[in-house]
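Visitor: Only the shape, not the letters, is given here:
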């Protein structure tokens with residue numbers, strides 16, 4: 001079996017997972033500070049909140065697995081761990097990219113098309129939407145990196 005950068009139980013994997021759950025948590029925090037009536041009107045932003053909450057827990061769980069593997073020297077390069085993790089990572093990656101694209105579309109719609117963000121009460125809400133969209137794309141980039149390394153590991157399994 002090849003040593004794959006970012007495979008479970010390595011420092012690189014731990015860094016990727018920690019980056020994922022920190023960015024997902026920050027994105028969730030940016031959306032949580034927005035008035036719920038502004039978020040609940042638009043399904044794209046509700047989808048963003050739920051998606052980042054799920055991503056936070058998934059990444060946190062795998063970061064704990066990586067920390068455990070680093071501490072004890074346990075090898076998680078088994079088919080029983082790699083196959084489900086690869087599948088869920090790819091599902092989460094596609095899901096997060098869809099969320100990021102939908103949220104970015106809504107943010108652009110509010111900013112440029114409806115000029116809703118120029119209103120005084122909506123100005124702070126729109127800035128939180130923009131921060132959340134940036135953070136969800138950053139989260140997706142980390143997910144894409146870990147999903148790719150998990151796929152490489154899956155392909156190199158005996």
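Guide: Sure thing, it's come through. Note that the coordinates shown come from a computational prediction; the quantities given were computed from them, not determined experimentally. Residues are numbered from 1 along each chain as shown.
Visitor: what about residue 83, which helix or strand?
Guide: With elements delineated by DSSP states H and E, residue 83 resides in helix 79-108, which encompasses its position.
Visitor: Tell me the buried residues in that helix?
Guide: Buried residues in helix 79-108, counting neighbours by 16 or more other CB atoms under 10 Å, are found at 81-82, 85-86, 89-90, 92-93, 95-97, 99-100, 102-104, 106-107. (Each C-beta comes from the backbone N, C-alpha and C, glycine too.)
Visitor: which strands and helices sit next to the following helix or strand past it?
Guide: The C-terminal neighbour of helix 79-108 among helices and strands, as given by DSSP H and E, is helix 120-156. Based on contacts counted as 3 or more CB pairs under 8 Å, 6 or more residues apart in numbering; DSSP states H and E, the elements that helix 120-156 packs against are helix 11-32, helix 43-72, helix 79-108.
Visitor: In helix 120-156, which residues are buried?
Guide: In terms of neighbour count (16+ other CB under 10 Å), helix 120-156 has its buried residues at 122, 125-126, 128-140, 142-151, 153-154.
Visitor: Export the helices and strands packed on helix 120-156 as TSV, with columns for distance to residue 117 and mean pLDDT.
Guide: Putting the helices and strands packed on helix 120-156 into TSV (distance: least, CB to CB, whole Å; pLDDT from 0 to 100) gives the following:
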stretch	distance to residue 117	mean pLDDT
helix 11-32	15	93
helix 43-72	14	91
helix 79-108	9	92
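Visitor: Who are the contact partners of the residue lying closest to residue 19 once chain neighbours are set aside?
Guide: What sits nearest to residue 19 in space, not counting adjacent residues and going by CB to CB, 6 or more residues apart in numbering, is residue 142, at 4.7 Å. Contact analysis of residue 142 by CB atoms under 8 Å, 6 or more residues apart in numbering lists 16, 19-20, 23.
Visitor: That concludes my questions; thank you for your assistance.
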